[in-house]
Every structure is written in C-alpha cells, then in structure tokens.
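**Q** give the three-dimensional model of this entry:
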Amino acid sequence: MFFGGDPFEHFGHHGSRGGGGGGRRAAASSVDTTKLYETLGVEKTADEKEIKKAYRKLAVKHHPDKGGDEHLFKEINAAYEILSDPEKRAKYDKYGLEGLEEGAGGAGSAEDLFSMFFGGGARRSAGPRRGEDINHPLKVSLEDLYNGKTVKLAVSRQVIVGESKMCTGCDGQGVVVELRQIALGMVQQIQRRCPECGGEGYQCQRRREREVLEVLVEKGMKNNQKIVFRGKADEKPNVEPGNINFIVQEKEHALFKRKGADLLITKTLSLNEALCGFEWKITHLDNREIIIKSRPGEVIKAEASDRRPFVKVVTGEGMPSLGNPFVKGDLYVLFTVEFPDDGDLKDDQVEALKKILPGAAMSMEYDPETAEIAHLDHADVKNFGKGGVSNQSSNYDSDDEEGGPQQVQCNQS
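**A** Below you'll find the predicted structure:
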C-alpha cells in the first residue's frame with residue numbers, strides 16, 4: 001500500500017536519473033544493495049521470517065493512521081515488497097534498485113523501475129501502480145477450517161497477447177482534452193477518457209484465459225481471511241496485474257460456536273443430572289467421539305456466583321491455531337439447568353428429597369387463625385412498578401397542578 005510520492009528518494013540511486021534523463025545503470029560494484037535492509041532494520045542474511053517480523057513491527061509503529069511518518073511508512077512498504085519476493089531480492093542484491101526491472105546484466109534507466117511500482121515512473125503519477133484486485137467469496141464449513149482443505153477453482157481472466165503500444169490518440173495519458181467555444185471569447189476545456197484506448201494509455205490485443213487454482217484452506221483460518229494469488233487478476237498494459245483474493249466465509253455450525261481459537265457448545269441438564277452427575281457424547285469436527293462426563297460429586301449450578309451463565313471448559317479441544325495446528329484452543333460448555341414444573345414432583349418424592357438434599361426448609365410455628373398465608377403467582381419482572389392505581393387524571397386533582405380547577409368569581413351588583 002502506497003500513498004503516492006517516491007518511497008525510494010532517500011535510497012541513494014538518483015544519480016542515474018540525472019540531467020541527461022535516462023543515464024545508463026552504474027556498474028554492479030557501485031550500486032547500493034544495503035539500503036532496503038537498513039530500512040527494515042535487518043541484516044542482509046536475514047531469512048523470510050525475520051524480514052516479515054521486522055516489517056510488521058515497523059508498519060504498525062509508523063502507520064500514518066496512528067500518527068506515524070507517512071514517508072517512512074512508504075519506504076518500509078517498498079522495502080518489504082522487494083525483500084519479501086525471492087526473485088526481486090536476488091536482483092536487488094546483485095544490481096540494486098535499477099536491476100529490478102531488467103534481467104541480470106541488462107541495462108536501462110531507473111524510470112523503468114518506477115514504472116513497475118507506480119504505473120508511470122517517478123515523474124509520472126498517472127494510473128495505478130498495480131491493477132485492481134478481484135475478490136471471490138469462499139464459503140467453507142467449520143469442519144474445513146478445523147481439518148484444512150484444498151479446493152480446485154477455475155477462474156477466467158484477460159491476458160495481453162503480444163506487446164502493448166502507447167496510444168497515439170492521447171500520448172499515453174489515457175485522457176484527451178477538447179476545447180469547446182461556448183460564447184464569443186469564451187472557451188471551455190473538457191477532459192474525457194480517450195476513446196481509442198479506453199483510458200488505459202496503451203493499446204493491445206487481449207484474450208480470455210481459463211486457469212484452475214488450487215486454493216488451500218489452512219487449519220485454523222478465520223472468517224474474512226484472505227487467500228491471495230498474486231498477479232492472477234486481469235492484465236492491463238503497463239500495469240502490474242492485481243491479485244485474486246478468495247475471502248473465507250465461515251458457515252454457521254449446528255453445534256459449535258467459534259470465537260478465535262475457542263469453541264462453545266450449550267448443554268441443558270435436568271435437575272437430577274445437575275446434582276447427581278451426567279455424561280453425553282459429542283462428535284467433534286474431525287469426527288472423533290468425545291464423552292463429556294462430570295466428576296464424582298460435581299454439581300452444575302443454574303448460574304455462576306456473579307449471575308453469569310455457568311460455564312465449564314475442556315482444555316485443548318478447541319480450534320487449531322493458524323500456523324501451528326498442534327496448539328489448540330479450548331472447548332467451553334455453557335450449562336442451563338431445567339427444573340421440574342409444578343406438579344411434576346409427587347408428595348412422597350418431595351418428602352424423600354427433603355431428607356436427602358441439604359438445606360431443607362425448617363418448619364415454622366405460627367397461629368393459623370391470626371397469621372395470613374400468601375401463595376405465589378407467576379409474574380413478569382417487566383411489570384414491576386406498574387401496580388396500584390392507574391395514572392389517569394380524576395376529578396380530585398390537587399389545585400396546585402397545572403390545569404387544575406378553575407377559579408370561581410362572584411359578581412356583586
């Protein structure tokens with residue numbers, strides 16, 4: 001991602017673009033092949049992981065959205081784009097920045113390098129550096145994200161046949177300017193897309209090409225994550241092809257809910273199971289059968305002490321971690337306890353439970369002739385505060401209320 005401008009202007013290679021406008025490339029012994037490594041703060045011997053780690057750290061630190069220096073951020077991105085590509089890195093190590101556009105040992109101007117990165121060179125900012133990406137949704141099940149999967153998908157794109165030529169109608173600008181007289185002495189200038197090249201600045205022949213891509217869904221991938229095929233989008237003249245991105249779309253699962261690397265299932269227990277123990281079988285995402293069983297004496301409560309749902313966890317039975325599938329998250333079980341309905345328990349069962357369960361209600365002494373006995377009815381907490389006399393106005397409103405009784409005056413003659 002770039003924000004315009006020249007991210008290489010401090011990399012020490014401008015001498016080849018001096019007043020002559022297109023000087024030959026310097027000898028390999030005099031070119032700078034270390035500046036990109038210094039920008040990322042790594043040694044020339046750094047491997048791919050070290051370069052990626054250094055880039056991520058610097059990109060977060062210097063991102064303009066977080067108050068970082070925009071120019072330095074552009075240099076960091078430009079350096080990483082080259083050093084993360086083995087082919088480009090090899091050319092840079094041997095020929096410097098100017099060797100990236102040409103083959104080994106070739107010669108040419110630094111304008112070619114900037115044309116590759118910015119779609120027109122350091123002195124020409126028209127047009128994108130790289131073509132637009134194409135995004136395709138890829139719907140996958142939670143089982144696929146747990147076990148991994150390879151999907152073969154056919155894509156169709158436009159490719160350029162032969163060489164492209166600069167459009168003579170717009171001189172490669174992509175737009176033409178027309179002057180239109182709208183009144184005496186008044187001329188209107190109109191800029192519109194060049195009809196000969198369609199605004200691309202170059203003309204070429206194209207054909208449709210069909211290709212089958214093997215899309216690897218890795219274990220532990222997340223929803224909306226991208227699987228990128230670089231340079232597989234439509235080809236356009238003088239522009240690097242964009243990428244084809246497959247966007248992972250996780251399907252909803254009937255049993256499991258996912259958050260990060262953890263999984264969640266819900267289980268309703270009877271009061272008997274909650275107090276006396278339970279066991280039930282689930283089929284995991286890799287078709288393993290797992291028996292979830294309570295320990296002797298373990299009690300499942302209707303809710304936790306902080307009034308939140310009561311939850312237990314099976315350690316290590318969650319989703320595999322992306323990049324290291326041997327490290328897994330946890331499987332959380334959210335419990336609800338189903339109590340018996342009114343009338344489900346017989347008198348003899350109630351008496352038996354009173355003897356078995358701790359905390360039985362103590363009998364109270366009272367005079368049934370003087371004490372009032374109240375039984376409970378079903379209620380809704382939403383109605384709390386709505387009881388009593390209605391708030392409708394009556395003939396007995398107080399005089400100090402607005403709009404109260406009218407004053408009566410006596411006329412004396």
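**Q** E38 should be in a helix, yeah?
**A** Yes: counting by DSSP: H, G, I helix; E, B strand; the rest coil, E38 is located in a helix.
**Q** residue contacts, the residue sitting nearest the centre point of the chain?
**A** Taking Cα atoms, centre = their mean, the centroid of the chain lies closest to N224, which sits 5.3 Å from it. By Cβ atoms under 8 Å, 6 or more residues apart in numbering, the residues touching N224 are 247-249. The way it works is simple: take the backbone N, C-alpha and C, and place the C-beta from them, glycine included.
**Q** quick one: which of those is nearest to G169?
**A** Among the contacts of N224, I247 lies closest to G169 (Cβ to Cβ), at 38.3 Å.
**Q** which strands and helices sit next to the helix or strand containing that closest one?
**A** Assignment of secondary structure by DSSP states H and E places I247 within strand 244-250. If you count contacts as 3 or more Cβ pairs under 8 Å, 6 or more residues apart in numbering; DSSP states H and E, strand 244-250 packs onto strand 134-140, helix 142-147, strand 149-166, strand 202-217, strand 226-229.
**Q** what residues of the second one count as buried?
**A** In this case it means helix 142-147. By neighbour count on 16 or more other Cβ atoms under 10 Å, the buried set for helix 142-147 is 142-146.
**Q** for the shortest one, same thing?
**A** When burial is assessed from 16+ other Cβ under 10 Å, strand 226-229 yields the following buried residues: 227, 229.
**Q** what mean pLDDT does that strand have?
**A** Averaging pLDDT along strand 226-229 gives 94.
**Q** name the strands paired with it and say parallel or antiparallel.
**A** Partners of strand 226-229 in the sheet, by DSSP bridges, are strand 244-250 (antiparallel).
**Q** hmm, who's touching the partner strand?
**A** 133-140, 142, 145, 153, 155, 157, 213, 215, 217, 221-229, 232-233, 258.
**Q** roughly how far is that strand from the heart of the chain?
**A** 11 Å (Cα atoms, centre = their mean, to the nearest Å).
**Q** same check on stretch 366-383?
**A** Centroid separation between stretch 366-383 and its chain, computed with Cα atoms, centre = their mean, is 55 Å.
**Q** quick check: end-to-end length of that stretch?
**A** Start-to-end span of stretch 366-383 (Cα to Cα, to the nearest Å) is 32 Å.
**Q** check the offset of stretch 78-86 from the chain's centre.
**A** Its chain's average C-alpha position is 24 Å from that of stretch 78-86, according to Cα atoms, centre = their mean.
**Q** and that stretch, average pLDDT?
**A** Averaged over stretch 78-86, pLDDT sits at 88.
**Q** what are the buried residues along it?
**A** For stretch 78-86, by 16+ other Cβ under 10 Å, it's 78-83.
**Q** ok, so of those, who is nearest D377?
**A** Using Cβ to Cβ, the shortest approach to D377 within the buried residues of stretch 78-86 belongs to Y80, at 69.9 Å.
**Q** which helices and strands does the one helix or strand that closest one maps to pack with?
**A** Element membership for Y80 (DSSP H and E) is helix 70-83. Under the contact criterion of 3+ Cβ pairs under 8 Å, 6+ apart, helix 70-83 touches helix 35-40, helix 48-61, helix 86-95.
**Q** closest to A360 out of those?
**A** Closest approach to A360 among those is made by helix 48-61 (61.3 Å; Cβ to Cβ).
**Q** re earlier: can you list the buried residues of helix 142-147 in a markdown table and add distance to D262 and pLDDT?
**A** Converted to a markdown table, the buried residues of helix 142-147 look like this (distance: Cβ to Cβ, whole Å; pLDDT from 0 to 100):
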| residue | distance to D262 | pLDDT |
| --- | --- | --- |
| L142 | 13 | 97 |
| E143 | 17 | 97 |
| D144 | 18 | 96 |
| L145 | 13 | 96 |
| Y146 | 13 | 96 |
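**Q** quick one: low-confidence ranges for this structure?
**A** 1-31, 65, 98-129, 389-413 (pLDDT under 70).
**Q** domain map for the chain?
**A** The chain breaks down into these domains under automatic domain parsing: 14-118, 134-250, 257-338.
**Q** including distance to L353, could the ones you listed go into a markdown table?
**A** As requested, these are arranged in a markdown table below (distance: least, Cβ to Cβ, whole Å):
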| stretch | distance to L353 |
| --- | --- |
| domain 14-118 | 60 |
| domain 134-250 | 42 |
| domain 257-338 | 10 |
